[in-house]
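# no letters, just coordinates:
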């Protein structure tokens, strides 16, 4: 592996990765670069699904994201460890809609976990994925605002039964459809967390999965989110990756949020996804537990505004 470019304000670009020859030492080097640069971009790689899983296994525990019915007929999904973010229909994440900023799995009790990789199987078009660093947000916002956040807790949730028009909007627990099974996808988290490897403070509010500040109304929560969002999403604190076929992008899913604008109608995007996390998706649901049922009053927004 050879570093060919260091991006501002974060991300590093590598060339000359042979997935067949990657060893434990290569995994250690990628892990070091992830800690230092947040995003590792590897250009011009030919990588089979099994090779992507093997590479990510050097960084952590590769998880099974998909249910049995979704992967058993497809050997290339490597036992549910491979999924796709794609413009093709019927896949794990399909479509061209806007995706607002988020960290995957951050609505579970255990929070966002470890690293995500996407390999560009086929790309046509210039629509980027944008990454933002929540450590930069914490370090650069006014000290009184950060201190205020340290005292707050957030209610986070996912909504798997949303309409297509809702992809770019915030999920609210009160928007859930009665009678639908959402699993254990609601939880309470500090508004400021510490990175498990570096110890640095990270802002834990995201545009998609943060429903509201615990004990606050939606309106008061939105006022705070707008104030914090100014420091989270500054253009000079973002990295935009423009995809090419053969790209492998690995990023720190704890420190970073990612999103995209709506994809153009002419774009083709078929990205293979492999994720590391201490627990499979099924285990994350089980660990969240029934105590975090969204119908419980302590998780509902109220008219109480705490400043």
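Perfect, I can see it now. As the structure is a computational prediction, the values presented were derived from the model and not from experiment.

# remind me what the helix or strand hosting residue 56 packs against, helices and strands.
With elements taken from DSSP states H and E, the one containing residue 56 is helix 49-57. Here helix 49-57 touches strand 115-124, strand 248-252, strand 268-275, going by 3 or more C-beta pairs under 8 Å, 6 or more residues apart in numbering; DSSP states H and E. Where C-beta positions appear, they are placed from N, C-alpha and C, glycine not excepted.

# quick one: which of these is nearest residue 149?
strand 248-252 (20.4 Å; C-beta to C-beta).

# and that closest one, which strands flank it?
Next to strand 248-252 in the sheet, as set by DSSP bridges, lie strand 39-42 (antiparallel), strand 115-124 (antiparallel).

# and these as CSV, adding mean neighbour count?
Below are the strands paired with strand 248-252 laid out as CSV (neighbours: other C-beta atoms under 10 Å):
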stretch, mean neighbour count
strand 39-42, 24
strand 115-124, 20
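
# tabulate these (JSON lines), appending distance to residue 64.
Putting the strands paired with strand 248-252 into JSON lines (distance: least, C-beta to C-beta, whole Å) gives the following:
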{"stretch": "strand 39-42", "distance to residue 64": "23"}
{"stretch": "strand 115-124", "distance to residue 64": "15"}
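
# out of those strands, which comes closest to residue 265?
Nearest of the strands paired with strand 248-252 (C-beta to C-beta): strand 115-124, 11.6 Å.

# what is the mean pLDDT for the closest one?
What strand 115-124 shows for mean pLDDT is 97.

# show me what the helix or strand following it is packed up against.
Once strand 115-124 ends, the next helix or strand along the chain (criterion: DSSP H and E) is strand 128-133. Counting contacts by 3+ C-beta pairs under 8 Å, 6+ apart, strand 128-133 packs against strand 238-242, strand 256-260.

# in the helix holding residue 56, what counts as buried?
49, 51-56 (16 or more other C-beta atoms under 10 Å).

# cool, and stretch 61-78?
So, applying 16+ other C-beta under 10 Å, buried residues of stretch 61-78: 62-66, 71, 77-78.

# need phi/psi at residue 28.
For residue 28, the backbone dihedrals (degrees, to the nearest 10) come out as phi -60, psi -40.

# which ones are touching it?
residue 58 (C-beta atoms under 8 Å, 6 or more residues apart in numbering).

# against residue 197, how distant is it?
13 Å (C-beta to C-beta, to the nearest Å).

# hmm, residue 51 is touching residue 17, no?
No - between residue 51 and residue 17 there is no contact under C-beta atoms under 8 Å: 10.3 Å.

# helix or strand right after the helix or strand bottoming out on mean pLDDT in the chain?
Each helix and strand of the chain was given a mean pLDDT (mean pLDDT, DSSP states H and E); the minimum falls on helix 68-71 at a mean of 70. Downstream of helix 68-71, the next assigned helix or strand under DSSP H and E is strand 83-86.

# thinking again about what came up before, make a markdown table from the helices and strands packed on strand 128-133 and add mean pLDDT, distance to residue 143 and mean neighbour count to it.
Converted to a markdown table, those look like this (pLDDT from 0 to 100; distance: least, C-beta to C-beta, whole Å; neighbours: other C-beta atoms under 10 Å):
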| stretch | mean pLDDT | distance to residue 143 | mean neighbour count |
| --- | --- | --- | --- |
| strand 238-242 | 97 | 23 | 17 |
| strand 256-260 | 97 | 22 | 23 |
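
# and those: which comes nearest residue 146?
strand 256-260 (17.2 Å).

# that closest one versus strand 248-252: what angle between them?
130 degrees (axes from the mean of the first three to the mean of the last three C-alpha atoms, to 10 degrees).

# quick check: end-to-end length of stretch 57-65?
Terminal residues of stretch 57-65 lie 15 Å apart, using C-alpha to C-alpha, to the nearest Å.

# no wait, stretch 195-213
Stretch 195-213 end-to-end distance (C-alpha to C-alpha) = 21 Å.

# before we move on, what about stretch 250-265?
With C-alpha to C-alpha as the measure, stretch 250-265 spans 26 Å from end to end.

# can you list the weak-confidence ranges in the stretch 151-300 of the chain?
Within the stretch 151-300 of the chain, the set of residues satisfying pLDDT under 70 comprises 161-168, 288-300.
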